[in-house]
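Student: sequence-free structure coming up:
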């Protein structure tokens, strides 16, 4: 039986969201196929396998996985070839994992750092590799790669914390001149709309940019586009496939963190999205093309804007480890396409093992 480690939590502003997604994945994995261990990572980055784990109710997120800090665990690399091994220092207890399912959002997982660690110890894992995760997480890098591929993106300016500290007024003047009001400011490396602010006038610009810079050392400034928000789920390694499209209809000023997770009436989903077939086909093709351009593997939810005035579409960003509750857009899109939640999890694990097998064929010694 395959041992699956569901990794959740982490050093991220999306720690709590991760606990919610992980509860759904943990509960849904087929126990006739997998031996499942939940592994919580706390805000300090320490790992804790959860004993007798079961999801618990939460007032904000419905249900979450608990993160009990029991024992003093270390991660051993190459204890057993191709397995993640966790050892409790005092008792010597060991837990072996064949494939890691990281249900962690944001920094120190979705950005390629966790993927790099798992690559070093030769352990299979679900989702994109180091380059794809890093490129897909960094919104500035994402836009540059997509633009070079010829895929339309919303115009942007990148601002660093040092730029902001050196001359705030210069930055605000630039944003006013290029984009006008309102404009959006968002951390380059964050998800779930953490740190995203809609700036409506000069008086609110200082707060909006400063708040975004709490979550990253660089931020993007973009014009506000009066748009429809369309999402596409992509699945696969070398030959990825796109799902039907869905539309997010936000009932807040924009699709904020509160609208996504804390307000039950913050947004509604329309699946399939009400679009003419020609534009839907173009967006699905762009989702797959963007997925390949960013070197993504396993899965991603690819998000688009459609300008309500012009009808033009823009690829906004990929989410390489999207929300994974049973009502999250990614699994719902695949369910609408004909792939139920539990079967989707099976497919993701197969893709992880297949990629690991392929990578093992790479020569690591140069023979003359």
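Tutor: Thanks, I have it. None of these values were measured; they are calculated from a predicted model.
Student: give me the number of residues near residue 232?
Tutor: As a burial measure, residue 232 scores 29 neighbours (other Cβ atoms under 10 Å). Quick note: C-beta positions are derived from backbone N, CA and C, even for glycine.
Student: residue contacts, residue 186?
Tutor: Counting by Cβ atoms under 8 Å, 6 or more residues apart in numbering, residue 186 makes contact with 139, 193, 195-197, 212, 219-220, 222.
Student: Of the residues you listed, grab the buried ones for ChimeraX.
Tutor: Buried residues within the contacts of residue 186, by 16 or more other Cβ atoms under 10 Å, are selected in ChimeraX with:
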select :139,193,195,196,197,212,219,220,222
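Student: Strands - which of the contacts of residue 186 land there?
Tutor: Mapping those onto strands (DSSP state E) picks out 197, 219-220, 222.
Student: For burial, what's the neighbour tally of residue 177?
Tutor: Residue 177 is flanked by 8 other residues according to other Cβ under 10 Å.
Student: ditto for the one 5 residues further on
Tutor: The local packing count at residue 182 equals 16, with neighbours defined by other Cβ under 10 Å.
Student: Please report how far it lies from residue 140.
Tutor: Going from residue 182 to residue 140 by Cβ to Cβ, to the nearest Å gives 21 Å.
Student: Give me the pLDDT value at residue 262.
Tutor: In this prediction, residue 262 carries a pLDDT score of 46.
Student: looking at this protein, which helix or strand is least sure?
Tutor: In the chain, no helix or strand scores lower on mean pLDDT, DSSP states H and E than helix 257, which sits at a mean of 49.
Student: So what's the gap between the following helix or strand past that one and the chain middle?
Tutor: Toward the C-terminus, helix 257 is succeeded by strand 267-270 as the next helix or strand (DSSP states H and E). Put simply, strand 267-270 sits 19 Å off its chain's centre (Cα atoms, centre = their mean, to the nearest Å).
Student: Ok, stretch 197-216 next?
Tutor: With Cα atoms, centre = their mean, you get 23 Å for stretch 197-216.
Student: how many other residues sit next to the spatially closest residue to residue 347 that is not a sequence neighbour?
Tutor: Distances taken as Cβ to Cβ, 6 or more residues apart in numbering place residue 235 nearest to residue 347, at 6.7 Å, with adjacent residues excluded. Residue neighbour count, defined by other Cβ under 10 Å, stands at 21 for residue 235.
Student: Let me know the helix or strand that residue 235 is in.
Tutor: Following DSSP H and E, one finds residue 235 within strand 227-236.
Student: Just the helices from the stretch 1-150 of the chain, written as ranges.
Tutor: For the stretch 1-150 of the chain, the helices defined by DSSP state H, counting those that start in this stretch cover 15-28, 113-120, 130-137, 139-149.
Student: Now render the ones you listed as TSV, adding distance to residue 173 and mean pLDDT.
Tutor: As requested, these are exported to TSV (distance: least, Cβ to Cβ, whole Å; pLDDT from 0 to 100):
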stretch	distance to residue 173	mean pLDDT
helix 15-28	35	94
helix 113-120	35	94
helix 130-137	29	96
helix 139-149	21	97
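Student: If it's not too much trouble, I'd like those exported to TSV so that distance to residue 85 sit alongside each entry.
Tutor: Shown next, in TSV, are the helices of the stretch 1-150 of the chain (distance: least, Cβ to Cβ, whole Å):
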stretch	distance to residue 85
helix 15-28	20
helix 113-120	13
helix 130-137	21
helix 139-149	33
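Student: Pull out the buried positions in the helix or strand harbouring residue 278.
Tutor: Assigned by DSSP H and E, residue 278 falls within helix 277-293. By neighbour count on 16+ other Cβ under 10 Å, the buried set for helix 277-293 is 280, 283-284, 286-293.
Student: again, but for stretch 54-67
Tutor: Those would be 55, 61-65, 67, for stretch 54-67 by 16+ other Cβ under 10 Å.
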